[in-house]
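Asks: What would the 3D arrangement of this be:
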Amino acid sequence: MPKEKFNLKNKPEYIFLVLGSLCLVAIPALFLLDFPNKAATILVVLILGELLFLITITLSGKGYTEKIKESFTQFFGLRQKIRNKKD
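Replies: Numbering: from 1, shown residues only. Alright, predicted model coming up:
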């Protein structure tokens, strides 16, 4: 399967991914700053980051979402097999 070229014009999900990542990275920095309504601001930034991440997954398409689901099921299935072997 040939690799797709990175084309930012055709892939707006990269913009949402970067914005969502910036929101989630900014949360620890917000804890260190002192400003009014700190808890509400951090909560809004956290929710915005999660929503942008979900939009990114939605825009990426069904194939990418299936890959994420498959990796999660393999990871948790592996953990469950290891746990069953210990018992």
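Asks: what residue ranges in this structure are flagged as low confidence?
Replies: Where the chain drops to pLDDT under 70, the residues are 1-10, 78-87.
Asks: So for stretch 21-34, what gets flagged as buried?
Replies: Going by neighbour count (16 or more other Cβ atoms under 10 Å), the buried part of stretch 21-34 is 23-24. C-beta: built from backbone N, CA, C; applies to glycine.
Asks: got the contact list for it?
Replies: Residues from elsewhere that reach stretch 21-34 (Cβ atoms under 8 Å, 6 or more residues apart in numbering): 38, 41-42, 45-46, 48-50, 52-53.
Asks: before we move on, what about stretch 59-68?
Replies: Identification of contacts with stretch 59-68 by Cβ under 8 Å, 6+ apart yields 12-13, 16, 57-58.
Asks: where along the protein do the helices fall?
Replies: Counting by DSSP state H, the chain has these helices, from start to end: 13-32, 38-60, 62-86.
Asks: tell me the angle of the first one relative to helix 38-60?
Replies: Using axes from the mean of the first three to the mean of the last three Cα atoms, to 10 degrees, the inter-axis angle of helix 13-32 relative to helix 38-60 is 160 degrees.
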